[in-house]
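Asks: 3D model of this:
(chains A, B and C)
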Amino acid sequence: QSTVTLFGGADLNYRSVTSGANKFSGMAQDGIYSSRFGVMGTEDLGGGLKAGFHFEGGMAPDVGTSTGFNFTRKSTIGLSGGFGEVRFGRDYTPMFTVAGIADPFGTNGVGSSYNVANGVTSDGVIAAAGSFATAQAAAAATTPASTVAAGAVYADPNAVRANNSIAYYSPSFSGFTVSGMYSFGGENTNVAKKAGTMSSIKLAYANGPVSVAFGNQITKGGVATTSAADTEKWTTNFLAGAYDLGVAKLSLGYKTDKLSFADDASVKSMIYGVAAPMGAVTLKASYVTAKADGDKMANQFALGAVYDLSKRTSAYATYSTLKNEEGSGKSVGSAAASDFTGLRSKGFEIGVKHTF
Amino acid sequence: QSTVTLFGGADLNYRSVTSGANKFSGMAQDGIYSSRFGVMGTEDLGGGLKAGFHFEGGMAPDVGTSTGFNFTRKSTIGLSGGFGEVRFGRDYTPMFTVAGIADPFGTNGVGSSYNVANGVTSDGVIAAAGSFATAQAAAAATTPASTVAAGAVYADPNAVRANNSIAYYSPSFSGFTVSGMYSFGGENTNVAKKAGTMSSIKLAYANGPVSVAFGNQITKGGVATTSAADTEKWTTNFLAGAYDLGVAKLSLGYKTDKLSFADDASVKSMIYGVAAPMGAVTLKASYVTAKADGDKMANQFALGAVYDLSKRTSAYATYSTLKNEEGSGKSVGSAAASDFTGLRSKGFEIGVKHTF
Amino acid sequence: QSTVTLFGGADLNYRSVTSGANKFSGMAQDGIYSSRFGVMGTEDLGGGLKAGFHFEGGMAPDVGTSTGFNFTRKSTIGLSGGFGEVRFGRDYTPMFTVAGIADPFGTNGVGSSYNVANGVTSDGVIAAAGSFATAQAAAAATTPASTVAAGAVYADPNAVRANNSIAYYSPSFSGFTVSGMYSFGGENTNVAKKAGTMSSIKLAYANGPVSVAFGNQITKGGVATTSAADTEKWTTNFLAGAYDLGVAKLSLGYKTDKLSFADDASVKSMIYGVAAPMGAVTLKASYVTAKADGDKMANQFALGAVYDLSKRTSAYATYSTLKNEEGSGKSVGSAAASDFTGLRSKGFEIGVKHTF
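Replies: Numbers count the residues shown, from 1 in each chain, chains lettered A, B, ... in the order given. Got it, this is the predicted structure:
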């Protein structure tokens, strides 16, 4: 007995963002849901064993995905049974999924905690500009993990998903689960055996109103853009918990990004969230604050409401305001033409999402 | 109760085109149908309200869509009910759909009226070469409406479809319908608030054998390729009518394109069409004639036959001949290597289309 | 009565390849199956006539098909009936399908016979470096057959599939079938009428335990990269046979590639194969040896096992070792950073494939 399912959806909105002197408004997307299209299915192999696949790509419905459709949101096959599940391909990292507990906005839209709590900006505190490269030698048969462009902003190419991964997801033991992923980066050559590799683990507990999870992730690379190296590492730890009071769900997250380079730069973020269901409407709020190398860097306050017309169709509105300290250039929305380092960024969006 | 439908099809043919001294022949596509692949569906929300989506991309079956598949033919979500329908995303403009009434060839293949009646060539009459740009600043989060490449041919990037659009389609009032669309272009920045924006309306009446429609559309941009501007506009008016006599359907269209730049260039086109069903065969003919700034520019005569093997599968053949006046370089088919301004272009194609 | 079917699957593995001094290992794909996604269907037109379509694109599940999804594996429509089938679009060439009889590894993975028996390397024997170009003039409306990059390795752009093709497949006459394909290359211009065109035929006999097939294919092009020409040709002949003893299936193939350029270079390959089913496990072995211009060039020995968990899901392991003579640079796996001309290439992979 087998199933094949088509799925996807789109989220379009009117967005207005002001970042320092830079203003823009117009149609945008993905305020509460990442637009997508995919196909997935399972096959019953008998004896409790199942095989499955999941191919999923991002949609840009505002312009018709004009840069070309692909399946980089998720491309996996796996085997599952009483032992849990083993999965191969391109997939979310276990560490990233911790964000889903902490952030009532699900890391989407102008209210996303990842506007503040992701990446390490080379603000005043972090002196050295450069980039964190994890590229494999060009000879590799498969595409390596994304190279980070040279410049002043550091990012972990595996912050959300990883290529060439093998992952294990345990079954639930009285609410406890463990998952781990290893990414080969690209096909490793004799140049630098561990360049671009990543390991990510997650320990989670979910029972009744309580959800708690901890994730740890390390990507190996080098501070260079042209050659592969495995001498440096990017370490992320993410601890989150949520408690559902019924009238409201309270959540909390603590995320740290530590670099072995750029003067051992680090960013530590706190995420405070609340989501209160009131019939078909859910009110959400979050506060995110981050320190770079121990000094205040930026904070963001977000307020939102979602009105469910059905399980598949919702209308929503979100407002957020982000305050940058001197040297920080975080934004609630699109990249801005003019510099707004140290300035405020504010955003509003109202939209509709429909899934199938 | 919900539905999800896969749909699409392909149209392949043998095409032979001669434009001036330039000749080419071989396999081509889309003689009577634009090859495509898509998925669409609706969800019943109760109370007469429905939500729906439509993702559709073009196919190039002759080479396997080698430049990459996307969903730029249509990417929308919408809500419909007794009030009509509201739709968001990338979609056809209401004005463009008027062409479907006037042109028995449906703007496809060597017989398409749009070989003559679309775009404004910088013929002898139109002195200034240049381009009509509607690009947003690069900082915009979403892709702007297509920039028109610098050169001698002017085109409206929204001639057929528009990005970042919001549209309303009324229900039918005794056969009368009205529809309107506004496109934000890209996400507007503080550079030029209206650059790339477009508004398009359509008034239509359809009852028994009669179909009449009028469309008006204005795109704002600038005569430049590197910066966004909203000082210039491209205005299109399209009036079309058709009457079905039973033995044949007669159609007529009058389309004008007016530019606020390039010496206020204008092109006015007349489309005359007839389609006569004879059992499984439909014979079609059209004559299109256009004037640029009041002077004769080009005319085209097309003759075609479609043989329906079923509702989904058809064979067809089309012949067309196009006469350019001095300074005009219109063609019935593919772009040509050699210049044929002022010369004749002739084309023939025979093919098969199959849809699902 | 009509059908529309979604299909596809993924094959991911751990691969380790050593070619001369170059070593790499990590996740790779397509060890026994080419990862893909597609949609196909048929329509019954009555009277024994059917129409059908087949759109299929390759997947790179290790990185999520990050370079963009397309339908270059196959994009066809066709009509079939008692007369056989006529098919249009981008498709496998009849000659290539002969390989399926000779090679127990199905031209996939480190054991593929095409590691040795495809392309003509400019080894010591073949003096002139250069390329075989089949590009149409840039004015062609449709994309021409792939241009072969300038360099030291010659390849036939139609070795596996052809663009802009029209093909005929006969019904079976007591096991005998004949098929033929003509490719227009691109849309031919007045520059070189036959540049990029290809003709391919296949004669086959299959009855009980016996399969025999012969294919012949000629691509016309020129030794140049910038202009289209039809003065040179690449000729491939492929003869293969297989006999199923029950305990094992033995297969044999003889393939010759002859160039009308580069000093009339030629490569002649022999493929010996065996596949022995043992319950859910199939053991496979092959030996491939090739001569360039009459001198020994390279040989490869491959050994593999496939364990079928179901019709759709399999695990597998393959080992292969390839010996290059002086001047030959063939590899069992990925392109290598360092030169290994005249050296040995060895590979191992272990993986899982799952289809739907």
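
Asks: Past the one helix or strand in chain A whose mean pLDDT sits lowest, which element shows up next along the chain?
Replies: Confidence across the helices and strands of chain A bottoms out at strand A:188-189, with a mean of 60, counting by mean pLDDT, DSSP states H and E. Next in sequence after strand A:188-189, counting helices and strands by DSSP states H and E, comes strand A:198-207.

Asks: what's next to that next one, contact-wise?
Replies: Here strand A:198-207 makes contact (C-beta atoms under 8 Å, 6 or more residues apart in numbering or on different chains) with A:93-98, A:145, A:158, A:162, A:165, A:172, A:174-183, A:185, A:211-220. Every C-beta, even on glycine, is put in place using the N, C-alpha and C of the backbone.

Asks: redo that, cut-off 6 Å
Replies: A:93-95, A:158, A:162, A:175-183, A:212-219 (C-beta atoms under 6 Å, 6 or more residues apart in numbering or on different chains).

Asks: Leaving out the residues flanking it, which one is nearest to residue A:275?
Replies: residue A:104 (4.2 Å; C-beta to C-beta, 6 or more residues apart in numbering or on different chains).

Asks: Next up, the contacts around residue A:322.
Replies: Counted by C-beta under 6 Å, 6+ apart, residue A:322 has contacts A:300, A:330, A:332, A:345.

Asks: same check, this time on residue A:35
Replies: Contact analysis of residue A:35 by C-beta under 6 Å, 6+ apart lists A:10, A:11, A:29, A:59, A:61.

Asks: please redo it, this time with the cut-off set to 7 Å
Replies: Residue A:35 sits next to A:9, A:10, A:11, A:29, A:58, A:59, A:60, A:61 when contact means C-beta atoms under 7 Å, 6 or more residues apart in numbering or on different chains.

Asks: what's the closest non-adjacent residue to it?
Replies: residue A:59 (3.9 Å).

Asks: For that neighbour, grab the count of nearby residues.
Replies: 26 (other C-beta atoms under 10 Å in any protein chain shown).

Asks: Also the one 4 residues further on?
Replies: Here the number of neighbours of residue A:63 (other C-beta under 10 Å) works out to 24.

Asks: How is it assigned, secondary-structure-wise?
Replies: coil (DSSP: H, G, I helix; E, B strand; the rest coil).

Asks: Can you tell me how far it is from residue C:36?
Replies: Going from residue A:63 to residue C:36 by C-beta to C-beta, to the nearest Å gives 27 Å.

Asks: and if you look at residue A:283?
Replies: 45 Å.

Asks: Neighbour count: these two, which is higher?
Replies: Legend: neighbour count by other C-beta under 10 Å for residue A:283 and residue C:36, higher for residue C:36 (19 against 15).

Asks: mind listing what residue A:356 touches?
Replies: Residues near residue A:356 by C-beta under 7 Å, 6+ apart: A:7, A:8, A:9, A:312, B:4, B:41, B:53.

Asks: Where does confidence bottom out across the residues you listed?
Replies: Across the contacts of residue A:356, the smallest pLDDT goes to residue B:4, namely 92.

Asks: Neighbours of the closest residue to it other than its chain neighbours, how many?
Replies: Distance criterion C-beta to C-beta, 6+ apart; nearest residue to residue B:4, sequence neighbours excluded, is residue B:41 at 4.0 Å. Neighbour count for residue B:41, taken as other C-beta under 10 Å: 19.

Asks: can you check residue A:278 too?
Replies: When neighbours are counted by other C-beta under 10 Å, residue A:278 comes out with 10.

Asks: Next one, pLDDT for it please.
Replies: For residue A:278, the predicted pLDDT is 97.

Asks: If it is in a bridge, with which residues?
Replies: Beta-bridge partners recorded for residue A:278 (DSSP bridges): residue A:281.

Asks: Same question for residue A:302.
Replies: Residues in beta-bridge contact with residue A:302 (DSSP bridges): residue A:286, residue A:320.

Asks: Could I get the average pLDDT for stretch A:330-341?
Replies: Mean predicted confidence for stretch A:330-341 is 72.

Asks: report the longest strand in chain A, please.
Replies: The longest strand of chain A (DSSP state E) is strand A:2-19.

Asks: Find the nearest non-adjacent residue to the residue of the stretch 101-250 of chain A found nearest chain B, please.
Replies: Of all residues in the stretch 101-250 of chain A, residue A:110 sits closest to chain B, at 11.0 Å by C-beta to the nearest C-beta. Leaving aside its sequence neighbours, residue A:110 sits nearest to residue A:347 (C-beta to C-beta, 6+ apart; 3.5 Å).

Asks: burial of the one you found, as a residue count?
Replies: 27.

Asks: I'd like the distance from it to chain B, if you could.
Replies: In this view, residue A:347 and chain B are 11 Å apart by C-beta to the nearest C-beta, to the nearest Å.

Asks: Using PDB, write out every CA atom in stretch A:324-340.
Replies: Extracted in PDB, the C-alpha atoms of stretch A:324-340 (Å, rounded to 0.1, in the frame of the first residue of the first chain):
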ATOM      1  CA  ASN A 324      20.100  48.400  16.100                       C
ATOM      2  CA  GLU A 325      22.900  49.400  18.400                       C
ATOM      3  CA  GLU A 326      25.900  51.200  16.900                       C
ATOM      4  CA  GLY A 327      27.600  49.000  14.300                       C
ATOM      5  CA  SER A 328      24.600  46.600  13.800                       C
ATOM      6  CA  GLY A 329      22.700  46.600  10.500                       C
ATOM      7  CA  LYS A 330      19.800  44.100  11.100                       C
ATOM      8  CA  SER A 331      16.500  44.600   9.200                       C
ATOM      9  CA  VAL A 332      13.000  43.300   9.600                       C
ATOM     10  CA  GLY A 333      12.600  42.900   5.900                       C
ATOM     11  CA  SER A 334      14.200  43.200   2.500                       C
ATOM     12  CA  ALA A 335      17.800  44.200   2.100                       C
ATOM     13  CA  ALA A 336      18.000  48.000   1.900                       C
ATOM     14  CA  ALA A 337      19.700  50.200  -0.700                       C
ATOM     15  CA  SER A 338      21.000  52.600   1.900                       C
ATOM     16  CA  ASP A 339      23.000  51.900   5.000                       C
ATOM     17  CA  PHE A 340      21.000  51.900   8.300                       C
END
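
Asks: Might you report the residue contacts of the residue of the stretch 151-300 of chain A at minimum distance from chain B?
Replies: Closest contact between the stretch 151-300 of chain A and chain B, by C-beta to the nearest C-beta, is at residue A:280 (11.6 Å). By C-beta under 7 Å, 6+ apart, residue A:280 lies in contact with A:307, A:308.

Asks: what's the answer for residue A:111, then?
Replies: Applying C-beta under 7 Å, 6+ apart, one finds that residue A:111 lies in contact with A:105, A:286, A:302, A:304, A:318, A:320.

Asks: ok but it is inside a strand, no?
Replies: No - secondary structure of residue A:111 (three-state DSSP): coil, not part of a strand.

Asks: thinking again about what came up before, now do the residue nearest to residue A:35, the pLDDT please.
Replies: 97.

Asks: Please verify my assumption that it contacts residue A:10.
Replies: Yes - using C-beta atoms under 7 Å, residue A:59 makes contact with residue A:10 at a distance of 6.0 Å.

Asks: hey, what's in contact with both of those two?
Replies: Both residue A:59 and residue A:10 are contacted by A:35, B:75, under the criterion C-beta under 7 Å, 6+ apart.

Asks: Residue A:342 reaches residue A:326, doesn't it?
Replies: Yes - contact criterion C-beta under 7 Å: residue A:342 and residue A:326 qualify, at 4.5 Å.

Asks: contacting residues for residue A:248?
Replies: Contacts of residue A:248 by C-beta under 7 Å, 6+ apart are A:274, A:275, A:276.

Asks: Swap in 6 Å and give it another go.
Replies: Here residue A:248 is in contact with A:274, A:276 (criterion: C-beta under 6 Å, 6+ apart).

Asks: Which pLDDT value goes with it?
Replies: 98.

Asks: For the most centrally placed residue in chain A, which non-adjacent residue is closest in space?
Replies: By C-alpha atoms, centre = their mean, chain A has its centre lying nearest to residue A:160, at 4.1 Å. The shortest distance from residue A:160 to any non-neighbouring residue, by C-beta to C-beta, 6+ apart, is to residue A:96 (5.1 Å).
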